[in-house]
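>>> have a look; sequence and predicted model below, questions after that.
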Protein chains: 2
Amino acid sequence: MINLLLLISCLCLTGWSAAAQNYIQYVNPLIGTEKMGHTYPGATVPFGAVQLSPDTDTLSYEVGGKYNPAVYNYCAGYQYTDRTIVGFSHTHFSGTGHSDLGDILIMPTTGALQLNPGTADNPASGFRSAFSHQREKAEPNHYSVVLDDHKITAELTTSSRVGMHRYTFPASRQAHIILDLVSGIYNYNSKNVWTYVRVINDTLITGYRQTNGWARNRTVYFAIAFSKPFKNYGYKYVGEKEVYRGFWGQWGRNNTPEMGARQFRAFFDFDTNEGEQIQLKVALSPVSMDGALLNMKTEIPHWNFDHVKQSGQQQWNSELGKVEVETLSEGDKINFYTSFYHTLIGTTIYNDVDGKYRGTDQQIHEAKDFTNYTTFSLWDTYRALHPWYNLIAPKRNSDMVKSMLMHYEQNPMKMLPVWSHYANENWCMIGYHAVPVLADAIVKGNASSFDANAALEASVATARTKGYGGLSYYMSLGYIPEDKNGSSVSKVLEYAFDDWCIAQMAKQLNRQDIYDEFIKRSEYYKNVFDSNTGFMRAKNSDGKFIKEFNEWSPVQRGYIEGNAWNYSLYVPHQPAAMIAMMGGKEKFAAHLDSLFTYELPEKYMHESEDITKDGIIGNYVHGNEPSHHVPYLFNWTTTPWKTQEKIRMIIPRMYQPRTDGLGGNDDCGQMSAWYLFSALGFYPVAPGSLTYSIGSPLVKKAILHLSNGKQFEIEVLKQSAENVYLQRVTLNGKPIVTPELNHNDIMKGGKLIVEMGSRPNKKLFLGK
Amino acid sequence: MINLLLLISCLCLTGWSAAAQNYIQYVNPLIGTEKMGHTYPGATVPFGAVQLSPDTDTLSYEVGGKYNPAVYNYCAGYQYTDRTIVGFSHTHFSGTGHSDLGDILIMPTTGALQLNPGTADNPASGFRSAFSHQREKAEPNHYSVVLDDHKITAELTTSSRVGMHRYTFPASRQAHIILDLVSGIYNYNSKNVWTYVRVINDTLITGYRQTNGWARNRTVYFAIAFSKPFKNYGYKYVGEKEVYRGFWGQWGRNNTPEMGARQFRAFFDFDTNEGEQIQLKVALSPVSMDGALLNMKTEIPHWNFDHVKQSGQQQWNSELGKVEVETLSEGDKINFYTSFYHTLIGTTIYNDVDGKYRGTDQQIHEAKDFTNYTTFSLWDTYRALHPWYNLIAPKRNSDMVKSMLMHYEQNPMKMLPVWSHYANENWCMIGYHAVPVLADAIVKGNASSFDANAALEASVATARTKGYGGLSYYMSLGYIPEDKNGSSVSKVLEYAFDDWCIAQMAKQLNRQDIYDEFIKRSEYYKNVFDSNTGFMRAKNSDGKFIKEFNEWSPVQRGYIEGNAWNYSLYVPHQPAAMIAMMGGKEKFAAHLDSLFTYELPEKYMHESEDITKDGIIGNYVHGNEPSHHVPYLFNWTTTPWKTQEKIRMIIPRMYQPRTDGLGGNDDCGQMSAWYLFSALGFYPVAPGSLTYSIGSPLVKKAILHLSNGKQFEIEVLKQSAENVYLQRVTLNGKPIVTPELNHNDIMKGGKLIVEMGSRPNKKLFLGK
């Protein structure tokens, strides 16, 4: 095994151009499918609207009226340790910490028709099947598994909007395809509002599924083509009396070409010969059943599964090839390209091939001159994922901003998205972090798809929405009284950063009035700093800090998804000012040191589902986002080398090429984007600025093929696992004397040479 | 009062042209609103997509899981004997015997906000209000009532797709408009699937209501404009826990511009001065919220209530003016024009102003070159309503046929509509009676909107649908075994007639093969005739008549909505052959005589909700459709004068200008169309032929202003209540010697002169 790895490794080293053809070999979609990564192993193309993946369980969000904690494991529908598969559904979030989707579950079966999924303990009690990882394979845009109970080999691939299934059956007079419209991820017992199927002929059906889940008002339309005519079909209601009521007696439950109910499962029967393949094309649309048919007809007009697979894999190679890296180990390369892969499935295309899409006004719109995207987990992704897009996929990022501006125009609150998916705002988490995405795009000159002034206007309107998250207090008092509106510290800190981003846009667009208003607001973080404790702390309406305070507890009032330690360092736009406020560089560096070394008591590690042991180093919580910039803060002290040390310490602990290798939810690619930047040696501490903060590269070499045709090369000399400290850095031959890299310098093309060593160069980056 | 009536009567006699301007004075929308007429008193325009009418109660279809018989009184939402009004909703069937709709109920209130309707016994317990008929007025396209509990005068008017409300308030700091999205007609406890409201600004909202009722899958989109900004708004869930779930905590229940749930009621608050008027425009669309906005903007771009009212009333005068009549009494004239009115609201427009509509495939289509119609109660309306349209509104009828062909193309069963409304087939009753509508249009040369060959093809395909209503048996055996498929006699008889219609189309279109197939099927009625009893009777699979047989019982197996007496005469296409089969003219005439004189035992009068005392004469059931051609059957015996006698006996008993004046459900205008034809003196016994059967006119004079520009005049000499017998009939001066009138002769224009007398001319119509 080692020899083989070495061989592959050698091939990589010797032939850049040859190796460039096959990046997907370094992607393992199974990474993160165990424990808390919440990734899915199935097939998809870059930003694909269809994410066709096996579900090992789909649990109800509530059991007996109470939250079901087990559901959290199934945010992406799949847990690697499970031993049964329920079926293959077509929509999955990648890495989220709350969930939805899991639409249109398909399961091929043989034997007596079963229309309930059965239990994991006893898969024979239903249509689900046992499976083994020995007979499972996951690669970009291709997933295959043997369904042991049914003796069926299942293969999945996709185009952007169409999932393709290839099922190899045994000989059977009782072969079935189950279409389960009940199943879903985070089923709110159940979240279905209505489901509908129309049988057009014996190889084509259309329908839709309408849900009231995390997205309150979501409809997924579909069309399914079968490569072989079904001989019989029917359906069964689930959990309720017949609701497709009326004078229906003329028709039976079977072979009646219209089915509708809140909850039902349909079946389609076949006779199969040994080894006979039945294929399905399942097209989705946010618009209509006709839209789904159009998507199918346009994207996959044939039945050539292998062609679809290869076409998608070519897309993957093309996308992943934008950054060529040379690494110390095969594992690092797998981590890099799997991370890269995960960044490209976090947000997804949300319009039909003709440009039509459903807006947050629940109306049909047409995306002219841009691609509409959805799934904006912005509290996570504004930090590094969108900056990553700005670097390697600027047109896409610009289109995403345009999509956010359309959201702003269409949604009834007239706010930019907070956490939105599938034409719905779900209001998850806090802040208005579309703003830094807009600012980052504008500041980086990447506003090709949208009107920058309209973006500024939308940002300002959003930031002045009095009804939202304590903003009325924030605007009038400069802080949010915790007794009026909770998580007040987190909100004030994040609002202040977002406001700084608005000021940056205003500056660029010569709007001094707006600049003045928001640059002032950007300093409100000072209003929650308690110099006595050295932490950002919650105040009440009386202007005094609240009495109760536990700096370690993740459920301490004032903070959300983090404790006082994690949140108090959140002033990414003004680290220097923050450090001064906190007592100066020396004191601050010591404070930071202790963060990484503190032994967090066990009891605090399980108080929140988002913070687990795996994602914690000392009291540094890499598994959740508020800390992502923290290791880079040493760059503002007199010990930038500690940033280098921490980065190289964090990477191998938090990113491992294993199914359980992710230290926390991948969060639509934010965790992966942190890895990619950090592995290349720099990180966007403050999106909305041109400046990256320099860390310590993990790669030996990297070439960024930029969209403007330029190339930016990173060469790392004397790279090794021990040589984590930067000795010398030059950009196009000129030494870099501060730990900063300018975005525009990268975009111009050029070469960064970094020389590493096993001991810190403590004088580096001190400005000389 | 008598003087005034005489005066009006005189005006009518003296000035045709002057009187022609105001037909609406003879329309009383309250006729039929008491007992079983099932008409509604509210405002609408001819074929209007909005039927804006007060609901006095909206009951659940089921109570405790069982059918609630009281709901039957509320098929149109209003019962004249009720003393409270729940609100004003925008969709109502006219005269149906099953129901749905009642969408978007609006109620203006004053005082403390109440978000439940309260009870009829104690209206103060909710938002409903007591009212009095003294302060209520109903006329075409205008309804007004004083809501006593709230001291509000409510007025309603409409354009085709927009309802307009004018509420005159007292001075109040607590004035409200309730938007009740829970309320509905025939609520299936509850039929709501989902409801949604979006507040665009303080004078405009949009939304939709999606239901699973009689129509299984129906969505009504709406837009509501308020003439005055509301100061506050909010909503309350009904009958379930909060379902608009998710991270919604940022926003409150009030003044949050998005509301969604299966069931909720919203409110909008105002301050009002004494006498202040607040107006609402409520636009509907079958397509989208944008569609509703477009309809509103196009049809009523202003706030001039009176202009909308007048415009609609002009439409009414224009439509009603197509037939000018002179009658013996004011009451007859009211009956005539109210019947005419009721025929013009049975089917309704179902597309937006831009032609878009929702098809039975639940997809959006565009009606090009035709208007799309819905609400086809075909088991009722093929008999006389569509022939009436063919006579006085041929383009509309042709468009209706086109709409049925689109239904055929779009619906998954590939069948012509049976009973369809709002993009849904509800499969009510039996037969495929779109076929006679198509045939009637084609035979009468009225196929301007559609392809006659396509109509034939759709008819044939429908008539060959094996899965439908025993058709497979019918096709293979020539009858339907009652033990295999119920109501077999009714089905066989009606299929046979429909098949004859297909043969007529085929003949006209030179399709001999189809003609042969279906003319053969058209005689299958003979296969269920039992010469022993003289009735059409059910057979079992063994080919023998079923043993149990009660000729009077309306629940006798073999028949639907009728007994053996009613159904056994149903061979409208071959009365002569039927009469011969039944023993010849003499015996048959005696049989018919006994039908009208038999004293039906009381116990049979209440066995079915559709057959009530009011609608029965002897054993002749005028209150339901299978008998509608029966009084005309004397024309095929040697005593045609008995037809004349019966018609003039039936009319005053079954049609009275009173709120309880209708002898049965108006059935979307079929009962009214029977009246109109019969009052003019002829009736389409067999739609699909050019022949009308002559009865006894009620009018003194009539002028039909035909759409081809011709005029057909009917002059009745010596007309009186006693002179019910025809003495002499001439068409354009030539004597008519058989009791028949040809449709083409009417369409050519001309004059029919009928001379009446108090004793029958027994030689008339015997062919000489």
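On my side now, so go ahead.
>>> alpha carbons only for contacts and neighbour counts from here, please
OK.
>>> tell me which strands the helix or strand A:E755 falls within pairs with, and in which orientation.
Using DSSP states H and E, A:E755 maps to strand A:750-757. Under the criterion DSSP bridges, strand A:750-757 sits next to strand A:711-717 (parallel), strand A:725-731 (antiparallel) in its sheet.
>>> can I get it as PDB, trimmed to CA atoms?
The C-alpha trace of strand A:750-757 is given here as PDB (Å, rounded to 0.1, in the frame of the first residue of the first chain):
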ATOM      1  CA  GLY A 750       3.500  36.400 -10.200                       C
ATOM      2  CA  LYS A 751       5.400  34.200  -7.900                       C
ATOM      3  CA  LEU A 752       5.600  34.000  -4.200                       C
ATOM      4  CA  ILE A 753       8.600  32.200  -2.800                       C
ATOM      5  CA  VAL A 754       8.500  31.100   0.800                       C
ATOM      6  CA  GLU A 755      11.400  29.600   2.500                       C
ATOM      7  CA  MET A 756      10.700  27.400   5.600                       C
ATOM      8  CA  GLY A 757      12.600  26.300   8.600                       C
END
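>>> tell me the confidence at the closest residue to A:N187 other than its chain neighbours?
In this structure, A:N187 finds its nearest non-sequential neighbour in A:S60, 4.5 Å apart by Cα to Cα, 6 or more residues apart in numbering or on different chains. On pLDDT, A:S60 comes in at 85.
>>> cool, A:N254 as well?
So, for A:N254, pLDDT stands at 76.
>>> which parts of the stretch 401-550 of chain A sit against chain B?
A:412-413, A:426-429, A:467-469 (Cα under 8 Å from any Cα of the partner chain).
>>> so can I have CSV of those showing pLDDT and secondary structure?
What follows is these, written out as CSV (pLDDT from 0 to 100; DSSP: H, G, I helix; E, B strand; the rest coil):
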residue, pLDDT, secondary structure
A:P412, 88, coil
A:M413, 89, coil
A:N426, 91, coil
A:W427, 90, coil
A:C428, 91, coil
A:M429, 92, coil
A:G467, 86, coil
A:Y468, 91, coil
A:G469, 92, coil
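>>> so which of these is the most crowded?
Counting neighbours by other Cα atoms under 10 Å in any protein chain shown, A:G469 comes out on top of these with 24 neighbours.
>>> pretty sure it sits against A:I430.
Yes: using Cα atoms under 8 Å, A:G469 is in contact with A:I430, at 7.4 Å.
>>> residues in contact with both of these two, list them for me.
A:K491 (Cα atoms under 8 Å, 6 or more residues apart in numbering or on different chains).
>>> just for the stretch 251-400 of chain A, where's the confidence low?
A:251-253 (pLDDT under 70).
>>> close to chain B: what parts of it are there?
A:251, A:256-258, A:260, A:288-290, A:361, A:363.
>>> from the residues you listed, which two are the most distant?
Greatest spatial distance among those (Cα to Cα): A:W251 and A:D361, at 37.5 Å.
>>> so for those two, which sits in the more crowded spot?
Shown here are A:W251 and A:D361; by other Cα under 10 Å, A:D361 has more neighbours (21 against 14).
>>> can you name the element that comes right after the helix or strand hosting A:I224?
Element membership for A:I224 (DSSP H and E) is strand A:218-226. Using DSSP H and E, the helix or strand that follows strand A:218-226 in sequence is strand A:232-237.
>>> list the buried residues of the next helix or strand after that next one.
Per DSSP H and E, the first helix or strand lying C-terminal to strand A:232-237 is strand A:258-261. Buried residues in strand A:258-261, counted by 16 or more other Cα atoms under 10 Å in any protein chain shown: A:258-261.
>>> closest one of those to chain B?
A:E258 (6.4 Å; Cα to the nearest Cα).
>>> my guess is that closest one contacts B:P412, does it?
Yes: here A:E258 reaches B:P412: they are 6.4 Å apart, a contact under Cα under 8 Å.
>>> which strands and helices sit next to the helix ranked longest in chain A?
Longest helix of chain A, by residue count under DSSP state H: helix A:488-508. Counting contacts by 3 or more Cα pairs under 8 Å, 6 or more residues apart in numbering or on different chains; DSSP states H and E, helix A:488-508 packs against helix A:434-443, helix A:452-463, helix A:512-521.
>>> circling back: what is in contact with A:E258 and B:P412 at once?
Jointly contacting A:E258 and B:P412 under the rule Cα under 8 Å, 6+ apart are A:198-199.
>>> check contacts around A:I647.
Contacts of A:I647 (Cα under 8 Å, 6+ apart): A:631, A:678, A:695-696.
>>> of those - the most surrounded one?
That'd be A:G695 among the contacts of A:I647, by other Cα under 10 Å, with 31 neighbours.
>>> that one and A:G663, how far apart?
20 Å (Cα to Cα, to the nearest Å).
>>> next: A:D55.
Counting by Cα to Cα, the gap from A:D55 to A:G663 is 22 Å.
>>> tell me the buried residues in stretch A:188-201?
A:188, A:190-200.
>>> quick one, what contacts A:F268?
A:176-178, A:230-234.
>>> again, only using 7 Å
A:176-178, A:230, A:232-234 (Cα atoms under 7 Å, 6 or more residues apart in numbering or on different chains).
>>> got it, and A:Y598?
So A:Y598 contacts A:618-619 (Cα under 7 Å, 6+ apart).
>>> does the strand holding A:I224 come close to chain B?
No: figure legend: strand A:218-226 not in contact with chain B (Cα under 7 Å from any Cα of the partner chain); closest approach 11.1 Å.
>>> which residues touch that strand?
Contacts of strand A:218-226 (Cα under 7 Å, 6+ apart): A:203-212, A:279-289, A:292-293, A:422-423.
>>> what is the mean pLDDT for that strand?
Computed over strand A:218-226, the average pLDDT equals 98.
>>> direction included, what does it pair against?
With DSSP bridges as the test, strand A:218-226 is paired with strand A:204-211 (antiparallel), strand A:277-285 (antiparallel).
>>> and those strands, which is most packed in?
Highest mean neighbour count among these (mean count of other Cα atoms under 10 Å in any protein chain shown): strand A:277-285, with a mean of 26.
>>> contacts for that one?
A:161-169, A:220-228, A:291-293, A:295-296, A:352.
>>> following it, which helix or strand comes up?
helix A:289-299.
>>> would you mark the buried spots in that following helix?
Those would be A:289-296, A:299, for helix A:289-299 by 16+ other Cα under 10 Å.
>>> ditto for stretch A:640-660
A:640-648, A:650-660.
>>> got the CA positions of the strand holding A:I224 in CSV?
Extracted as CSV, the C-alpha positions of strand A:218-226 are listed here (Å, rounded to 0.1, in the frame of the first residue of the first chain):
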residue,chain,number,x,y,z
ARG,A,218,-40.5,25.1,-0.5
THR,A,219,-41.5,23.1,-3.5
VAL,A,220,-39.3,20.8,-5.5
TYR,A,221,-40.7,19.8,-8.9
PHE,A,222,-39.4,16.7,-10.6
ALA,A,223,-39.6,14.6,-13.7
ILE,A,224,-38.5,11.0,-13.8
ALA,A,225,-37.8,9.0,-16.9
PHE,A,226,-37.4,5.2,-16.8
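>>> which residues does A:S693 contact?
A:S693 neighbours (Cα under 7 Å, 6+ apart): A:632, A:682-685, A:739-741.
>>> residues in contact with the closest residue to chain B within the stretch 551-700 of chain A?
Closest residue of the stretch 551-700 of chain A to chain B, Cα to the nearest Cα: A:I560 (13.3 Å). Counting by Cα under 7 Å, 6+ apart, A:I560 makes contact with A:487, A:490.
>>> rerun at 10 Å
Residues near A:I560 by Cα atoms under 10 Å, 6 or more residues apart in numbering or on different chains: A:429-430, A:486-491, A:554, A:567, A:608, A:626.
>>> ChimeraX command for the buried members of the residues you listed?
Buried residues within these, by 16+ other Cα under 10 Å, are selected in ChimeraX with:
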select /A:429,430,486,487,488,489,490,491,554,567,626
